[in-house]
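Peer 1: dropping the sequence and predicted coords here.
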Amino acid sequence: MKATTARHAATFAVGLLTMASYGSVMADDNHSHGDHDHAHESSHGHDHDAHGHSHDDDIYHGHFEDSQVEARALSDWAGDWQSVYPYLQDGTLDEVFAHKAEEGDKTAAEYKSYYDTGYRTDVERITIDDGEVTFYRGDDSYGGEYVADGYEILTYKAGNRGVRYIFERESGDDEAPEYIQFSDHTIAPTDAGHYHLYMGDDRAALLEEVTNWPTYYPADLDGEEVAAEMMAH
């Protein structure tokens, strides 16, 4: 496996929304999550009080020192994962957008439009097992073996930061992306409860993508359970 090294990316001047909901940046805070304005934190693998303030809160909101960032193995994201985009399309997540609109600065329809861009993907399912990543699109599947290719610490226009954990395809199907980059608001080894995945063949270009972040939750959750997780914090 390739050595995992940290690279520091340049600041991206990206206009970002600030939303108000449990577990996210409050409307009177002058910062957001960077890659996307993430409105919830999964209960899996995270043990912080969204209403209080803790070390984990700082990290979740993108405030940490370089020395705190640790390499992570692909096993942190092992499992069977489903895209949440179909739940946006069929209206299951409408209650989530209504929940955001109660305290946020956008209407439910505006939040839905924003997340429609963010969640959009045709990769409906992903399985990760022992270094093998398989992507499912309709009746087709393809995949390969991925190895660690370091991580990038990104600084955003709002001043907060995030970490992308990057893996490169070492073997497998040509249709599988050369690179996958995970973002889950965590900067050290832990089992992910959900994640946002950037997929493509250009490592550097993926680092500049901040508007489309396909999001995956465990495949054993139904739509109502996914919605409940999103609103629980």
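Peer 2: Noted; the coordinates are in hand.
Peer 1: and the gap between the residue positioned nearest the centre of the chain and R125?
Peer 2: Against the mean C-alpha coordinate of the chain, by Cα atoms, centre = their mean, the closest residue is H196 at 2.4 Å. Distance of H196 to R125, given as Cβ to Cβ, to the nearest Å: 16 Å. Glycine gets a C-beta too; all of them are placed from N, C-alpha and C.
Peer 1: ok so H99 is a strand residue?
Peer 2: No. Secondary structure assignment places H99 outside any strand; it is helix (DSSP: H, G, I helix; E, B strand; the rest coil).
Peer 1: just give me the neighbour total for it.
Peer 2: H99 has 20 neighbours, counted by other Cβ atoms under 10 Å.
Peer 1: does it really touch M231, like I thought?
Peer 2: Yes. With contact defined as Cβ atoms under 8 Å, H99 reaches M231; the gap is 5.1 Å.
Peer 1: from what I see, the residue nearest to the centre of the chain and W213 are in contact.
Peer 2: Yes. Taking contacts as Cβ under 8 Å, H196 lies within contact range of W213: 4.0 Å.
Peer 1: returning to what we had before: any idea which element the residue nearest to the centre of the chain lies in?
Peer 2: Remark: H196 resides in strand 195-200, with elements defined by DSSP states H and E.
Peer 1: do T127 as well
Peer 2: Using DSSP H and E, the element containing T127 is strand 125-129.
Peer 1: other SSEs contacting the top strand by length along the chain?
Peer 2: Once the chain is assigned using DSSP state E, the strand that runs over the most residues is strand 140-155. Other elements packing on strand 140-155 under the criterion 3 or more Cβ pairs under 8 Å, 6 or more residues apart in numbering; DSSP states H and E are strand 6-8, strand 132-137, strand 161-172, strand 179-183, helix 203-207.
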